[in-house]
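Colleague: Below are the sequence and a predicted model; questions follow.
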Amino acid sequence: MYSSIQQPLSTLFQPFSSSLILSSSLQIQHHHHQQSTDTFHKHFPPLLITTTSSPKPISKSLSPASWIESLRSKTRSNLFHEAILTYIEMTLSGIPPDNTAFPAVLKAVAGLQDLNLGKQIHTHVVKFGYESPYVTVTNSLVNMYTKCGCMGDVYKVFDRITDRDQVSWNSMIAAFCRFEEWELALEEFRLMLAENVEPSSFTLVSVALACSNLRRRDGLQLGKQVQAYSLKIGDLRTYTNNALMAMYAKLGSADDSKTLFELFEDRDLVTWNTLISSLSQNDQFVEAITFLRFMVHEDIKPDGVTVASVLPDCTHLEMLDIGREIHAYALKNEIFVENSFVGSALVDMYCNCREVKSGRRVFDSFMNRKVAFWNAMITGYAQNEHDEEAMMLFFEMEAVEGLSPNATTMASVVPACVRSKAFINKESIHGYVIKRGLDMDRYVQNALMDMYSRMGKIGISKTIFATMEDRDKVSWNTLITGYVVCGRHDDALLLLHEMQGQGNKNDSYKEVEKRASFKPNSITLMTVLPGCANLAELAKGKEIHAYAIKNMLALDVAVGSALVDMYAKSGCLYLSRRVFDQMPTKNVITWNVIIMAYGMHGKGVEALELFKHMEAGGAGAGEVKPNVVTFVAIFVACSHSGMVDEGLNFFYRMKDDYGVEPTPDHYACVVDLLGRAGQVEEAYQLISTMPSDFDKMGAWSSLLGACRIHHNVDIGEVAAKNLIEMEPNVASHYVLLANIYSYTGFWVKATEVRRKMKDLGIRKEPGCSWIEYGDKVHKFLAGDKSHPESEKLLEFLEALSERMKKEGYVPDTSCVLQNVGEEEKETLLCGHSEKLAIAFGILNTLPGTTIRVTKNLRVCNDCHIATKFISKIVDREIILRDVRRFHHFRNGICSCGDYW
């Protein structure tokens, strides 16, 4: 067993040669001795053992008891290097170590966590015959090997203990906890009880820690048994109760933690801190702040841990005033003075409350700033998108302060880098990460995946994901989000499937636990749900909804809002409203989504009724106040329903009545509202009233669209000119202008615009429509014959066109913006993508089934007229979502009232 530890610690440990002692002593004092192990040099640098005085022989006057007391005193004072030097000098003086010396020196080795040195001391334990008969020595060996990270030797030493006492078992249980072998720690506890060894408070603390790291159900069940056992044996020590409270907190049972707190009166500062931390961890933020007040009222002075635990609660509750009050209390009671832990928490609190300047003042008030403190300020800048400031502080941290960034630093710097316009060569940050050796850190990898996806380089994000050794839920969510950002919604859904399918039934307990951590959470669902609407994948959206209900996520306000949005954008307004009505809590995002949904479906009156409901605090609105997006939704609703007066009324009242300043987006919406109603001149005048520093691109785009609807050439040319100056490579500006010319018969000008597009290499986005059938989304392009059923669909449409003409349908050939004959124009109209998708739905679904089609462009006038006839002839409801709004066709009528 001991072959690996039989080598002597040093020739210095041959204590009975006086000549060796003298020469070695001289060499130690002049730092020229060639130590036989590297360990000695590692732990005794020149400053520690070198002296400028003349060499003196080691004192022989001290008694053995004095040497051992000196050794133990240094260990108690955590002077571990000095303790080991004392041990060396003691043996050089001819004093052999005994069963009181070995525990002291082994504790010093454990403090240094030097395994090689520990094994050499172990050799002396064996040599002097103190391993087997002295349990205090073997217990110290167990502790030493535990602290040095060698579980194999822990097992070996423990197994050789013939007369194990309470400390032996405690050391072994603590060793399993240190190595996160929670089940083995609990098994060792059972064996301890089976051996009739009574546990101590120390035992119960370790066992509570093990329970806190099990699955919630198992942990709570066993944890309550541990608490019952502590009551049974009368262990009411504060130390034990604090550990049990921490256990309940980690297992998500703050109520049990609070109940235990109220059961005993011998509370110390740790007890209060544990409860406050427990409440904070379990999102009981108001109670956490309340107990802080109770704590002060009972004359228990909070410390840095208390303040740092409760400050995040102020952020979650958006109680900046309370945060400032705590800051003032910390200053008054000198909790704040050079406590970087509290300082970092204050910076976090201010930055999370969007008071970045206050956070910076806290940061600047500290002289001794460690890396974690710099990270807090850099993260604060990055979270608030003050990206240049984040980058400058990062450069200052390294270049001026000489501090090395860690993974946390880079996880904040990378997002700031990708957004910063001043930082052009964004990929270089990846090279810097590699240079620093941080490229394999999971948090940094997640940030890099996000960076590349936002740069449109999703392939690199996928490569990073594939090479990750230790993915977490954030890794999966980041790549799923990346696919969504890059418009690859189908890949996002496929990755969601892969995420759900991690592992198999034969996985070990740890693998099952790890797989459970990959289960999609609220962030995953709210990220992927928009993809279901964009792909017209209603079935997949319903599947995700079922998953959310099963996993208790459907009532989460973020998931609920995403479901409301998904159903609305899939054409199921009634399901959208049902989810909305079932949500117990609604925030401003939820209300914005439902108001926008009704607006997009042409139900402007209902949208404004919802807004009134929101103002009145009904349907779970609470204290929800309208924001910038709310008014965008209102203007959209008014625009699609022709409610010009109502929309203008809100526009001119929004600042005075609601405290919301009009933004460029609001102006663009009101321009659309006026232009869609035919008030093109008024819309043009509104643009001229916009503040000079506003981005007018959205407003000019809305105006150009209105000019296309109402065939206004003069203003259309002005709008197009301004847009092309700002965005010379955007195809839609040229296409809309060409369409205006074509509609009004200016074929030469239309041809010139198209020729200019060709010369510039600008390509028009082709018309495309999607329809879901079975478990697949079918895609149709205008005039495309690549679909397997294309020939069949065109034949069906030609036959259907004849039936429609008998019912009074007249093809609107003005929608064909090419200078060709009328017959050819009719043929081209049959090939429009939405007609192909509708025909596919009719031919492949049962009679009476609602047909849902999504289109990437505005539906043309002919397709709108034709779909009304088709809905009546085939007796189907057809829901068509174009780029601007929804059209519900039924019995020859469209929900838009021909106003779109």
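Modeller: Ah, there it is. Numbering: from 1, shown residues only.

Colleague: Kindly export stretch 605-618 (C-alpha atoms) in CSV.
Modeller: Presented in CSV, the C-alpha positions along stretch 605-618 are these (Å, rounded to 0.1, in the frame of the first residue of the first chain):
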residue,chain,number,x,y,z
VAL,A,605,-62.2,48.9,-32.2
GLU,A,606,-61.5,45.8,-30.0
ALA,A,607,-57.8,46.8,-29.8
LEU,A,608,-58.7,50.2,-28.4
GLU,A,609,-61.1,48.5,-25.9
LEU,A,610,-58.2,46.4,-24.7
PHE,A,611,-56.1,49.5,-24.2
LYS,A,612,-58.9,51.0,-22.1
HIS,A,613,-59.0,47.8,-20.1
MET,A,614,-55.2,48.0,-19.6
GLU,A,615,-55.5,51.6,-18.4
ALA,A,616,-58.2,50.7,-15.9
GLY,A,617,-56.1,47.9,-14.4
GLY,A,618,-58.5,45.1,-15.5
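
Colleague: chain center to it, what's the gap?
Modeller: When distances are taken as CA atoms, centre = their mean, to the nearest Å, stretch 605-618 is centred 33 Å away from the chain's centroid.

Colleague: which residue ranges form the helices in the stretch 401-550 of the chain?
Modeller: 407-419, 428-435, 442-454, 458-467, 473-485, 489-500, 509-516, 522-534, 538-550 (DSSP state H, counting those that start in this stretch).

Colleague: list the contacts for the nearest residue to Asp665 once chain neighbours are set aside?
Modeller: Excluding the flanking residues, the one nearest Asp665 by CB to CB, 6 or more residues apart in numbering is Val632, at 5.6 Å. Bear in mind the C-beta positions are built from the backbone N, C-alpha and C, glycine included. Shown in contact with Val632 (CB atoms under 8 Å, 6 or more residues apart in numbering): 596, 665-666, 669.

Colleague: With pLDDT and neighbour count added, can I get the residues you listed in TSV?
Modeller: Conversion of the contacts of Val632 to TSV gives the following (pLDDT from 0 to 100; neighbours: other CB atoms under 10 Å):
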residue	pLDDT	neighbour count
Met596	95	22
Asp665	95	17
His666	96	21
Cys669	95	26
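
Colleague: Out of those residues, which two sit at the greatest distance?
Modeller: Met596 and His666 (14.1 Å; CB to CB).

Colleague: Can you tell me how far Val588 is from Phe611?
Modeller: Per CB to CB, to the nearest Å, Val588 is found 12 Å from Phe611.

Colleague: quick one, which of those two is more surrounded?
Modeller: Phe611 (22 against 16; other CB atoms under 10 Å).

Colleague: ok, the more buried one - contacts?
Modeller: 591, 595, 626, 630, 634.

Colleague: Okay, and which of the residues you listed map to helices?
Modeller: If you go by DSSP state H, the contacts of Phe611 have 591, 595, 630, 634 in helices.

Colleague: and of those residues, the nearest to Leu269?
Modeller: Closest to Leu269, out of all of the ones in helices among the contacts of Phe611 and judged by CB to CB, is Trp591, at 44.1 Å.

Colleague: List the contacts of the nearest residue to that closest one once chain neighbours are set aside.
Modeller: In space, and not counting its chain neighbours, Trp591 is closest to Met614: 4.6 Å by CB to CB, 6+ apart. When contacts are counted by CB under 8 Å, 6+ apart, Met614 is found next to 591, 595, 621, 624, 626, 630.

Colleague: what would those look like in JSON lines with distance to Ala228?
Modeller: Formatted as JSON lines, the contacts of Met614 follow (distance: CB to CB, whole Å):
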{"residue": "Trp591", "distance to Ala228": "48"}
{"residue": "Ile595", "distance to Ala228": "54"}
{"residue": "Ala621", "distance to Ala228": "46"}
{"residue": "Val624", "distance to Ala228": "46"}
{"residue": "Pro626", "distance to Ala228": "53"}
{"residue": "Thr630", "distance to Ala228": "54"}
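
Colleague: Kindly reformat those residues as TSV containing neighbour count.
Modeller: Listed next are the contacts of Met614 as TSV, based on neighbours: other CB atoms under 10 Å:
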residue	neighbour count
Trp591	28
Ile595	27
Ala621	19
Val624	18
Pro626	22
Thr630	23
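
Colleague: Make a markdown table from the residues you listed and add pLDDT and distance to Thr162 to it.
Modeller: Converted to a markdown table, the contacts of Met614 look like this (pLDDT from 0 to 100; distance: CB to CB, whole Å):
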| residue | pLDDT | distance to Thr162 |
| --- | --- | --- |
| Trp591 | 95 | 72 |
| Ile595 | 96 | 77 |
| Ala621 | 52 | 72 |
| Val624 | 83 | 71 |
| Pro626 | 92 | 77 |
| Thr630 | 96 | 76 |
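
Colleague: Name the nearest of the residues you listed relative to Met247.
Modeller: Nearest member of those to Met247, counting by CB to CB, is Val624, at 37.9 Å.

Colleague: And the spatially closest residue to the closest one that is not a sequence neighbour, how close does it get to Pro626?
Modeller: Nearest residue to Val624, sequence neighbours excluded (CB to CB, 6+ apart): Val588, at 5.1 Å. Per CB to CB, Val588 is found 7 Å from Pro626.

Colleague: Common neighbours of those two, please.
Modeller: By CB under 8 Å, 6+ apart, no residue touches both Val588 and Pro626.

Colleague: all helices of the stretch 201-350 of the chain, in order?
Modeller: 201-212, 216-232, 238-250, 254-263, 269-281, 285-297, 304-316, 320-332, 340-352.

Colleague: In JSON lines: these, plus mean pLDDT, distance to Glu388 and mean neighbour count.
Modeller: Putting those into JSON lines (pLDDT from 0 to 100; distance: least, CB to CB, whole Å; neighbours: other CB atoms under 10 Å) gives the following:
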{"stretch": "helix 201-212", "mean pLDDT": "94", "distance to Glu388": "43", "mean neighbour count": "24"}
{"stretch": "helix 216-232", "mean pLDDT": "91", "distance to Glu388": "44", "mean neighbour count": "16"}
{"stretch": "helix 238-250", "mean pLDDT": "91", "distance to Glu388": "40", "mean neighbour count": "23"}
{"stretch": "helix 254-263", "mean pLDDT": "89", "distance to Glu388": "41", "mean neighbour count": "17"}
{"stretch": "helix 269-281", "mean pLDDT": "91", "distance to Glu388": "33", "mean neighbour count": "23"}
{"stretch": "helix 285-297", "mean pLDDT": "90", "distance to Glu388": "33", "mean neighbour count": "17"}
{"stretch": "helix 304-316", "mean pLDDT": "89", "distance to Glu388": "24", "mean neighbour count": "22"}
{"stretch": "helix 320-332", "mean pLDDT": "88", "distance to Glu388": "25", "mean neighbour count": "17"}
{"stretch": "helix 340-352", "mean pLDDT": "90", "distance to Glu388": "16", "mean neighbour count": "24"}
